[in-house]
Structures are given as C-alpha cells and as structure tokens.
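Undergrad: structure, please.
(2 chains)
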Amino acid sequence: MSERSGRGPHPIPLPHPQGASPPGSRCFAATTARQAGEGEGEAVSPAGDAKKIRIATCSLAGCFGCHMSLLDIDERLFGLLELVEFDRTPLTDIKHCGPCDIGIVEGGVCNAENVHVLKEFRKNCKVLVAIGACAITGGIPALRNNLDLWDCFQEVYCYEGGLECGQIPDDPELPLPFDKVHPIYEVVKVDYFLPGCPPPADAIWKFLTDLLNGREPKLDYEMLHFD
Amino acid sequence: MYRSDSPGLSRLLTPILQRHGRDATRLLQILREVQDACHSVPAGAIDLVAAHLDVPRVNVEGVAGFYSFLSAHPAGEYRLLFSGNITDQMLGKDELMQYLCNKLWVEPGRLSEDGLVSVDSTSCTGMCDQGPAALVNGWPLTNLDHNRLDLIAELIRSRKPVADWPPMLFEVADNVHRGDVLLGQPFEPGAAIRATLARGAKETLAEMDKSNLRGRGGAGFKTASKWAFCHAAIAEEEGGVICDVGGQPERFIVCNADEGEPGTFKDRVLLNSHADLVFEGMTVGARVVGASKGFLYLRGEYRYLLQQLEAVLKRRREAGLLGGNILGQTDFSFDIEIHLGAGAYICGEESALIESLEGKRGRPRNRPPFPVTRGYKGRPTVVDNVETFACAARIAENGGAWFASIGTAQSTGTKLLSVSGDVARPGIYEYPFGVTVRQILDDCGAQGRSYAVQVSGPSGTTISWKEFERKIAFEDLPTAGALMVFRHRRDLFQAARNFADFFAHESCGFCTPCRVGTQLQKKILEKIQSGHGTASDLEELKRLGHILKTMSHCGLGSSAANPVLDILEKFPDMYESKLKAFAFEPAFDLDGALETARKITGRDDEWAHL
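TA: Just a heads-up that it's a prediction; the model follows:
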C-alpha cells in the first residue's frame, strides 16, 4: 500500500508541442502515422472535438485481463480522457470500429470472427498495438494448439459433464474456430507490441503517453520484467 | 513402457551403472548407454540413474531432454536419422526419406505401430562428401540410394541386428584429394613428443609462438597465447586458490572433436587416419601447460570411430607415449579419455563443451572467465580443435619457423577444407592459407559453373561468384573448414531455409534472443516459402537478424542470421521472386485453417469462410 500511496497523483505529461496544431499532424512514432505527413490534418476524430485522439480497443481470444490492467491506471484515466476519446471498446459498447488513431488489440486469433474484427481494426486504425501475451504469441488459448480440434469439439459438446444428448452445433451465429490459435501479427500488420500478462498499468500508461506525445514508445527494463 | 520398479529395467541398467561408478560427470555417457539399451530414456531409468549418482532427478531429466540422440519416448529398435544438411538435400534426401517411410509404413518423425522403427531427420552427420547419409542406431550409412534403402527396409523388416548388416552400407571413405603438411607427409608416432622433451617445455612454447599457429575451429585465436595463459593461470574459487597437486591446480587438455558445423568433416578424416598426430599434439600441449589429463570430446555422430580410437590410445600407452612416465620421463604423465557427445551442435562451443564433459546440459557459460583460467571442474583448461592439435604436433616436430614459412603472414600453415555440394570430387583438400576460392573450385571440379559458396558452414559467410578471388585466410575468409558449393540455378532460398531450421533446432534455449529469434526467423522463411511473403517480411528478417547478432548469449545466436541475411543481400532475387506483395499478407491460409472446423460442424455458410 505504501508503494501505491507513494506514487501519488500522476501529472499528465501531455503538452501540445505545436500549440493548436491539429492532431493529425502530430508525429505518431509509427510509420503509418508518419506517412500521413505534415499538413494533412484531416479529421482524425469524426466526433465533434477535433483535438482528441480516438482510440479503439477490443479483446479477441483473451481474458480481458489487459483491459483490466488498462483500467488499473486509475485516476490517470481522467487525465487521459481529456486527450482521447474512445471508439469501439468494451467501455463504450460500440459494436464496430470507425476511423481511429490508435487501435489496441488484446488476445490472439482463434476463430473467423476474430479475423473480421482484427481486419476492421487494421483498416480503421492508424496505429495498431498488440497488447499482452495472447495477442503477441497466442498465449494461454494457444495451449490448445497441441490438441486435435476434433477432440476439443467432442470434449466440449459431447463428453462434458452435465450434457444430455450433446451434439456439435452448426449454427452460423457461432464463430468457427481455426485449427490453431495464432498471434495477431500473423493476420495483420502490427505496429507495436506491448508485452506482459497483463502488461502492468504503469507500462500501459507510459506506452500511451509516449505515443500521444509523439515519442517512440520505450519501456524501461523495470516495466518489462515480471519476477 | 519401463517403470522404475520394473525388475527388467533394473536388470538392464545395473551393469551400465556399475561400469560408470558414482561419478556424476559420467551422466551423459550413462544416458547414452541407457538409450542404446532401452531405445529411449524412460522415466524409470531417470529415477534409477538419479538415485545411483545421488543427484537431483531434475538434473538427470534436464540432461536427458537436452541432447537430440536421447529420447523420452521410445524411438524404436531401429532408429534411422537422415542427415538434414543442405548438401544431403541437394542429393535428394527428402525424396529418399519419404521413399523409405513408404516402404516401412511409417510417418517421418513417428514410431511405427509395432514399435520397430522410426525415421526422422537430424542435423548434418558429417558425411557431406558421400551423402545422402543417415545414422541407424548411431552408426553411419553413406551413399544412400533407392537400392540401398530397399535393402535397409528388408533388413529392418527381417529384424536383423544392425551389427549383422552388410559392412558395405557403413563404408566411410576419407576422400582426401589434396594433402600437404598434415595429410601428405608421414608421421612417426612419438616424434613430436621426443622433440618436445629434447627441446624443453618452455622452448616448445616459444616454437609454438614463432609458428603463429591460430586455432582451426574458426575463431583463429593464437594457440601459443592460449597455452601460455593456461600455464600461467591460477585457479581460484570463492575463498581461496585451488591447489590440487604440488601447490598447483590440475590442468586439462581438451580436444574439441564435436565437429557439428554442417558441411565440415575434416576432423572425421584426421581422427580416422591421423589419430596419432592428434593425440601427439594433445600430449605436447600437456607437456607445455603441465596437464596430466586430457579429453577427446567426440561428437555422437562419430561414435563409429570410438573403438579404433581407443585402440590407438591403447597402442600409444603400450609404446610409452601415453600414461605414466611418458618416454621414461618420470615427471611427465598424461592420459586421454574419450567422451561421446549425443547430438548437440552447441557443444562445439568450448564452454558448452566443458559443461557437457562435466555431464551437464551443453549450455555456454558466461565468458570471462575463459576456460584457460576456469574450465573443466573450474581448473585451467585448454580447448583446441582437432586440426590445431595436429598442427601443434607438426610444429613440435619441425619447429615454428618451418610452419610460419607456409601460408600468409597472418595465417600460417595449411588448412583442411571439407568440400561438398555441386562439385565433381567432394572431399578433403589441404591447402596453404591464402588459396583463392577459385583455385579450390577448379581443383575440385566445379568447372566454372559455381554460383555461390557457403564458407565455414551456416555460421560463416555466403559468397557469390563475384567474390571467388577472395582468399581462405583469417584476414579475408576465415573458416573452420567447410566449403559448400552451389551451382547455377540452385535455389539458394532453400539453403537459407535449411540453415534457419538448423539454428532453430540447435539453439540451446538458454537466452531468449536466440531461442525465440531463431524460431521467428524460421517462421518468416516458412511464410515466404508458402507463398505468403511480402516485402515487409524481408525488413522484419533484417531487424530480427540485428537482434540475434547483438543480443545473443553466445556465438550460435549471433551467427544464426548470417546465412539468411548474406543470401538476402547477395542474391535478393532468391527471396524477391517468392514474394507475393509489397504490403502485408497473413502468414497462413485463413480460409484453409477453417477447413477442419467446417468438416466437424458440417457448416458451409458465409460465416464459415474467410
């Protein structure tokens, strides 16, 4: 506790370097954003306040632990909300992602629906970030990669205790699983990787503030090791 | 399956355990024999060995899991491992392996239903000049073709013991096409030791210094300096100086015959036909540094040489060239013990080799301290290549000035080159240093149609036809001895893939940059191969290569990107012709990866496709 209280309220180190310059001209560290170039300050945020950076987040084959860690930046969220607005996230409950500056993806790709979501993110987000072990490597869900998919289906739908007359469903509404769980970089181009299971709140904070300030995100050793 | 309380297992292992005693440094040797006896290292055996040596079970399990020739699961009464080097591949290894699998009704990498046979690939077995090659229960098979595989399949099906197979299957030729001071001149056993004793240890070191002999394993460290450091070293432990004998620490001479670099097979020839020269060099080294014990670390693939090498050692002991009071000198005792490896390329790295000698996993140590001050059992140890010791014997015999007059100023003496690939006469060529690649290609019958040469194996350098005037020498093209030649129209991307697979398989797993980096490198090349590659993947390869080079713990990781990036730089079209797009492409066939689930669920709707 003492460590927590000792941290104190974080100042929001988010100056606007070029004063009133539109956010589109801000130099995001990612190449995609750089290629947009100076002067092309077209609206990054379709919603009202043109100054705000628009962020979308989602969880694919993940546990929402990374989202929990994001919420764990605590009171700094208020400061963050001064500068950013959220598009599709579990917080806003928006179902589809529109044009955004930053997309944050938790979890790996385990089924067809994940691919649709991921591609929508890639299409709409200037900078795409893979957050957490599952998005980066497949993580815990990828443990099933050593199992036969047929065995998985049987176990879940036919043999699981409490099932009566179990059968494998064929409803089109159910996302169809892949043979294996894949890290997201195997499906779309990823600009940044933020490792951890989950990444600590401070690491997420440092990463986001670096990005928002137009710096190349850099995490110190302390934020990357977990023992 | 054997259990630890099964009397059968205990009966099988007791003689092995008794023979090796309770010395934990014998662990790897014990496990090798367990593998031979049980066709695997079963969990029960691990219990028994751990109890016998009085070491934690996890240590035994760690060692058993580290070496490729030890397997936790039964590998069959007949275990065939095809040499997977690119030269074997170019000679049709993949097709031959599949042919044999079909004949035996077995899937590659799986044990047959009846537990009789398994067929798989392994790293280069050092028979590149007489490939495609394989190992059956550790014994080398050479010059494989369909006829020989028919015979082998028949022998396996009739359960004929490997010892009774026709000897012609196991013939290994030396294929020496050009000899010089090492291979081309007769050597009388004892000559170098006599010269050393007559001259004196200090004076012999001075001759070594004058000869400017540099290590033949590829790194090129000056041998005289290494010996001098070892001689001068004081072994220290926390809390004091180690004194084993007469106020001095014990010192060790280790000969590195873990010739694992794909495409290298010169040490095999030296040990087969010139073992006296090598042992003599070790004995001279022992006299100079003051060692009384030496080891030959023989790679597992060369176990077929073990018996004859033991015979040479025995003969030398009887001749008074080894053992107590060598040549009647009461203050000079030295003996050599042979340790077998078990299929781990990393054990060619000197500190990993020492770990393996001590019966542990072959994990490279932090350096410094270097083995010359803190090596085997923490004592000063000289680790030199087989060829280095052979040179040392010649120098002791003929003097340093004579040796220094051969080769170039910075690279004195001769170099054994193992030439393989697209040449008419693959085999061993001994040249004075400074020879051009073109000269070698002309001599071995590459007939001017060569396109690229991989110098010094995967961890070395790829040179293109534009660079054939370059010289084999430490100052230009340093090499441990491998020269793999590729003719025009060879797909060098396949070579890059083969080498990337090799490093991913051989990474010891200790440091993350290498363990993960080599796997990522392999995956990217697979992506390109399967037709999903893009320009961004090439950039990723370069970035990854930089991480491997700068962040790895030892030389394996730092050289793992060499062939991949060399070929990319010098033959970019080999990669680019396989790329699909400039922008990003998924690494796998998205729709295809849903096929299994479509079958299971019987779905074919719009959402069941991508």
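Undergrad: domains in chain B, by residue range?
TA: Domains of chain B are assigned by automatic domain parsing as B:7-66, B:78-170, B:178-404, B:414-490, B:493-576.
Undergrad: does the residue lying farthest from the centre of chain A count as helix, strand or coil?
TA: With distances taken as CA atoms, centre = their mean, the residue sitting farthest from the centre of chain A turns out to be A:Cys165, at 39.2 Å. What DSSP: H, G, I helix; E, B strand; the rest coil gives for A:Cys165 is coil.
Undergrad: burial of A:Met68, as a residue count?
TA: The number of residues packed near A:Met68 is 12, by other CB atoms under 10 Å in any protein chain shown. Backbone N, C-alpha and C define where each C-beta goes, glycine included.
Undergrad: what sits against it?
TA: A:Met68 sits next to A:Pro198 when contact means CB atoms under 8 Å, 6 or more residues apart in numbering or on different chains.
Undergrad: what's the closest of the domains of chain B to chain A?
TA: Across the domains of chain B, chain A has its closest neighbour in domain B:493-576 (6.6 Å, CB to the nearest CB).
Undergrad: how far does the closest one stretch from one end to the other?
TA: 10 Å (CA to CA, to the nearest Å).
Undergrad: centroid-nearest residue for chain B?
TA: Short answer for chain B (CA atoms, centre = their mean): B:Gly260, at 1.3 Å.
Undergrad: can I take it that that one is in a helix?
TA: No: B:Gly260: not assigned to a helix; according to three-state DSSP it is coil.
Undergrad: how many other residues sit next to B:Gly8?
TA: 11.
Undergrad: on the three-state scheme, it is what?
TA: Assignment for B:Gly8 (three-state DSSP): helix.
Undergrad: what does B:Val485 give?
TA: Relying on three-state DSSP, one would call B:Val485 strand.
Undergrad: circling back to that earlier point, ok, the residue nearest to the centre of chain B touching B:Ser123?
TA: Yes: using CB atoms under 8 Å, B:Gly260 is in contact with B:Ser123, at 6.8 Å.
Undergrad: overlap of the contact sets of these two?
TA: B:345, B:506.
Undergrad: quick one on the thing from earlier: which residues touch the residue farthest from the centre of chain A?
TA: Listed by CB under 8 Å, 6+ apart, A:Cys165 has no contact partners.
Undergrad: what does B:Ile193 give?
TA: Per CB under 8 Å, 6+ apart, neighbours of B:Ile193: B:280, B:283-284, B:287, B:321, B:326-327, B:396.
Undergrad: need the phi and psi values for it.
TA: phi -70, psi -40 (degrees, to the nearest 10).
Undergrad: what parts of chain A come near chain B?
TA: Within chain A, the residues that sit near chain B (CB under 8 Å from any CB of the partner chain) are A:112-113, A:115, A:149-150, A:153, A:168-170, A:172-173, A:175-180, A:182, A:185-189.
Undergrad: got a ChimeraX select line for the buried ones in those?
TA: For the buried members of the residues of chain A next to chain B, the matching ChimeraX selection, counting by 16 or more other CB atoms under 10 Å in any protein chain shown, is:
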select /A:112,113,115,149,153,175,176,177,178,179,180,182,185,186,187,188,189
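Undergrad: doesn't B:Ala424 fall inside a strand?
TA: No: using three-state DSSP, the assignment for B:Ala424 is coil, not a strand.
Undergrad: tell me where the stretch 1-150 of chain B has strands.
TA: Under the criterion DSSP state E, counting those that start in this stretch, strands of the stretch 1-150 of chain B are mapped to B:78-83, B:117-122, B:134-136, B:139-141.
Undergrad: next: the stretch 151-300 of chain B.
TA: Using DSSP E, counting those that start in this stretch, strands in the stretch 151-300 of chain B cover B:176-178, B:236-237, B:240-241, B:252-257, B:293-298.
Undergrad: can I get these in CSV with mean neighbour count and distance to B:Ala191?
TA: Listed next are these as CSV, based on neighbours: other CB atoms under 10 Å in any protein chain shown; distance: least, CB to CB, whole Å:
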stretch, mean neighbour count, distance to B:Ala191
strand B:176-178, 18, 21
strand B:236-237, 12, 38
strand B:240-241, 9, 37
strand B:252-257, 27, 19
strand B:293-298, 23, 19
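Undergrad: how about a markdown table for those, with mean pLDDT and distance to chain A added?
TA: Formatted as a markdown table, those follow (pLDDT from 0 to 100; distance: least, CB to the nearest CB, whole Å):
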| stretch | mean pLDDT | distance to chain A |
| --- | --- | --- |
| strand B:176-178 | 97 | 48 |
| strand B:236-237 | 78 | 29 |
| strand B:240-241 | 79 | 33 |
| strand B:252-257 | 97 | 35 |
| strand B:293-298 | 97 | 35 |
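Undergrad: out of the ones you listed, nearest to B:Ala228?
TA: Within the strands of the stretch 151-300 of chain B, the stretch nearest B:Ala228 is strand B:252-257; the backing value is 14.1 Å (CB to CB).
Undergrad: any idea how far that closest one is from the chain center?
TA: 14 Å (CA atoms, centre = their mean, to the nearest Å).
Undergrad: for chain B, longest strand please?
TA: strand B:414-421 (DSSP state E).
Undergrad: direction included, what does that strand pair up with?
TA: strand B:427-432 (antiparallel), strand B:482-487 (parallel) (DSSP bridges).
Undergrad: neighbours of the closest residue to B:Gly348 other than its chain neighbours, how many?
TA: Leaving aside its sequence neighbours, B:Gly348 sits nearest to B:Asp258 (CB to CB, 6 or more residues apart in numbering or on different chains; 4.3 Å). Residues near B:Asp258, counting by other CB under 10 Å, number 30.
Undergrad: what residues does the stretch 351-500 of chain B have near chain A?
TA: Close to chain A, as judged by CB under 8 Å from any CB, the stretch 351-500 of chain B has no residues.
Undergrad: flag the shaky bits of the stretch 351-500 of chain B, pLDDT-wise.
TA: B:448 (pLDDT under 70).
Undergrad: all helices for it, in order.
TA: For the stretch 351-500 of chain B, the helices defined by DSSP state H, counting those that start in this stretch cover B:386-398, B:400-404, B:437-443, B:492-506.
Undergrad: mind putting those helices in JSON lines, mean neighbour count included?
TA: As requested, these are exported to JSON lines (neighbours: other CB atoms under 10 Å in any protein chain shown):
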{"stretch": "helix B:386-398", "mean neighbour count": "28"}
{"stretch": "helix B:400-404", "mean neighbour count": "18"}
{"stretch": "helix B:437-443", "mean neighbour count": "19"}
{"stretch": "helix B:492-506", "mean neighbour count": "23"}
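Undergrad: how much space separates A:Cys63 from A:Gly108?
TA: 11 Å (CB to CB, to the nearest Å).
Undergrad: more crowded one of those two?
TA: A:Gly108 (31 against 17).
Undergrad: now do the contacts for that one.
TA: Contacts of A:Gly108 by CB under 8 Å, 6+ apart are A:60-62, A:114, A:134-135, A:137-139, A:141-142, A:181-184.
Undergrad: pull the most distant pair out of those.
TA: Every pair of the contacts of A:Gly108 checked by CB to CB; the farthest is A:Asn114 and A:Thr137, at 15.2 Å.
Undergrad: between these two, tell me which one has more neighbours.
TA: Per other CB under 10 Å, whichever of A:Asn114 and A:Thr137 has more neighbours is A:Asn114, with 25 against 20.
Undergrad: state the mean pLDDT of the helix or strand containing that one.
TA: In the assignment (DSSP states H and E), A:Asn114 maps to helix A:112-124. Regarding helix A:112-124, the rounded mean pLDDT is 97.
Undergrad: helices and strands around that helix, which ones?
TA: With contacts taken as 3 or more CB pairs under 8 Å, 6 or more residues apart in numbering or on different chains; DSSP states H and E, helix A:112-124 sits against strand A:53-59, strand A:100-106.
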